[in-house]
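Trainee: here is the input, now give the coordinates:
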Amino acid sequence: MSTVSSVNTKTSLKSVFNDFKQLTKVGLSVSVVFTSITGYLLGAENINYTTILLLAIGGYFMVGASNAFNQVIEKDIDAVMRRTKNRPLPAGRMSVTTALIIAIIFTIAGIAILYAINPKCALFGAISIFLYTSAYTPLKAITPLAVFVGAIPGAIPFMLGWVAATGNFGIEAGFLFMIQFFWQFPHFWAIGWLQYEEYNKAGLHMLPMDKKDKGAIVQIIFYTCVMILMSIAPVLKVTGKFYIYPVTAVIILLLGMLMLYYAFQLYKTEKNTDARKLMLASVFYITIVPIIYVVDKFLH
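Mentor: Below you'll find the predicted structure:
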């Protein structure tokens with residue numbers, strides 16, 4: 001009997017932990033923390049491991065809080081979509097109260113930890129959570145412009161790392177913000193293309209002009225080009241202390257061209273398979289480019 005109950009306890013503990021991971025979107029949180037740390041390494045003159053640890057924990061809490069609030073607000077919408085209906089709230093495995101308690105604890109802890117680095121970090125963390133939950137989430141059900149609003153909190157992590165390292169928000173942090181800001185349009189619209197029918201069913205507006213057509217792909221191509229220009233601009237030494245070698249700019253340009261290639265493929269075929277390739281290329285881009293910047297910095 002005790003063996004059965006201990007197995008059940010283990011199973012229930014595992015499912016509670018899995019639900020917690022789903023609520024706070026651990027995978028996404030880890031990628032955000034990774035981007036923040038690369039931003040820190042770019043800005044830091046001397047690397048402080050305590051600051052990196054605080055940035056990682058604070059950043060995870062910040063993203064976890066945003067996602068938990070988002071899932072509380074969108075519980076009924078999530079229940080409609082195949083991709084999200086098994087999340088802990090719509091599936092009934094977690095109560096709204098539990099999710100809210102987690103979200104509030106994460107918010108307070110995240111902002112406090114970021115404040116321990118410097119007050120500007122805490123401010124940007126608070127702005128990020130506020131915009132994501134109070135503007136982006138409700139706007140998705142109203143207008144395609146929600147993606148523009150959502151791109152603001154989504155672009156904060158890279159810049160947050162620089163601010164954690166320097167205590168300043170200058171042109172360097174601004175450029176890191178812009179790179180990640182413009183990257184989000186091809187990324188999210190590729191997802192919007194893939195999930196169009198599901199989002200439509202749930203009443204969410206995730207494609208420009210709300211149409212799955214060539215017009216949406218023209219916008220994807222346009223924003224990919226802007227993102228590439230922003231990413232290679234530091235080679236011109238117009239971005240303060242943040243500059244890169246010409247060879248680095250060429251590598252980043254080639255990575256951007258890979259995204260552009262898939263965007264043009266999507267324009268030609270309008271097939272979901274090409275939208276998926278574009279989405280994967282965008283994930284590859286935002287993972288590799290910050291690493292390239294850091295390597296470049298340490299070669300100066």
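Trainee: the residue nearest to K85 when sequence neighbours are not counted is in what secondary structure piece?
Mentor: Distances taken as C-beta to C-beta, 6 or more residues apart in numbering put A79 closest to K85, at 5.4 Å, once the chain neighbours are dropped. C-beta here means a position set from N, CA and C on the backbone, and glycine is covered the same way. Taking DSSP states H and E as the criterion, A79 maps to helix 75-80.
Trainee: list of residues touching that helix?
Mentor: Helix 75-80 is contacted from outside by Q71, T84, K85, R87, L89, P90, V96, A141, K201, A202, G203, L204, using C-beta atoms under 8 Å, 6 or more residues apart in numbering.
Trainee: columns neighbour count on top of the residues you listed, output as a markdown table?
Mentor: Shown next, in a markdown table, are these (neighbours: other C-beta atoms under 10 Å):
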| residue | neighbour count |
| --- | --- |
| Q71 | 25 |
| T84 | 20 |
| K85 | 11 |
| R87 | 21 |
| L89 | 24 |
| P90 | 19 |
| V96 | 12 |
| A141 | 14 |
| K201 | 13 |
| A202 | 20 |
| G203 | 11 |
| L204 | 23 |
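Trainee: for this structure, what helix or strand is lowest in average pLDDT?
Mentor: helix 2-24 (a mean of 79; mean pLDDT, DSSP states H and E).
Trainee: please enumerate the helices of the stretch 201-300 of the chain.
Mentor: Here the stretch 201-300 of the chain has its helices, by DSSP state H, counting those that start in this stretch, at 214-232, 246-269, 272-299.
Trainee: which ones are touching the most centrally placed residue in the chain?
Mentor: Here the mean C-alpha position of the chain is nearest to the C-alpha of G154 (C-alpha atoms, centre = their mean), at a distance of 4.6 Å. Each residue near G154 by C-beta under 8 Å, 6+ apart is listed here: Y132, Q180, F181, Q184.
Trainee: by neighbours, which of these wins?
Mentor: Counting neighbours by other C-beta atoms under 10 Å, Q180 leads the contacts of G154 with 25 neighbours.
Trainee: report pLDDT for the residue nearest to the centre of the chain.
Mentor: On pLDDT, G154 comes in at 93.
Trainee: burial count for F17?
Mentor: F17: 10 neighbours (other C-beta under 10 Å).
Trainee: low pLDDT regions in the stretch 151-300 of the chain?
Mentor: Counting by pLDDT under 70, the stretch 151-300 of the chain has no low-confidence residues at all.
Trainee: what's the farthest-apart pair in the contacts of helix 75-80?
Mentor: The span of those, defined through C-beta to C-beta, is set by V96 and K201 at 22.7 Å.
Trainee: does L145 touch A135 like I think?
Mentor: No - in this structure L145 lies outside contact range of A135 using C-beta atoms under 8 Å: 10.3 Å.
Trainee: who has more neighbours out of those two?
Mentor: Taking other C-beta under 10 Å, L145 and A135 do not tie; A135 has more neighbours (15 against 12).
Trainee: and that one, how far is that from D296?
Mentor: Counting by C-beta to C-beta, to the nearest Å, the gap from A135 to D296 is 35 Å.
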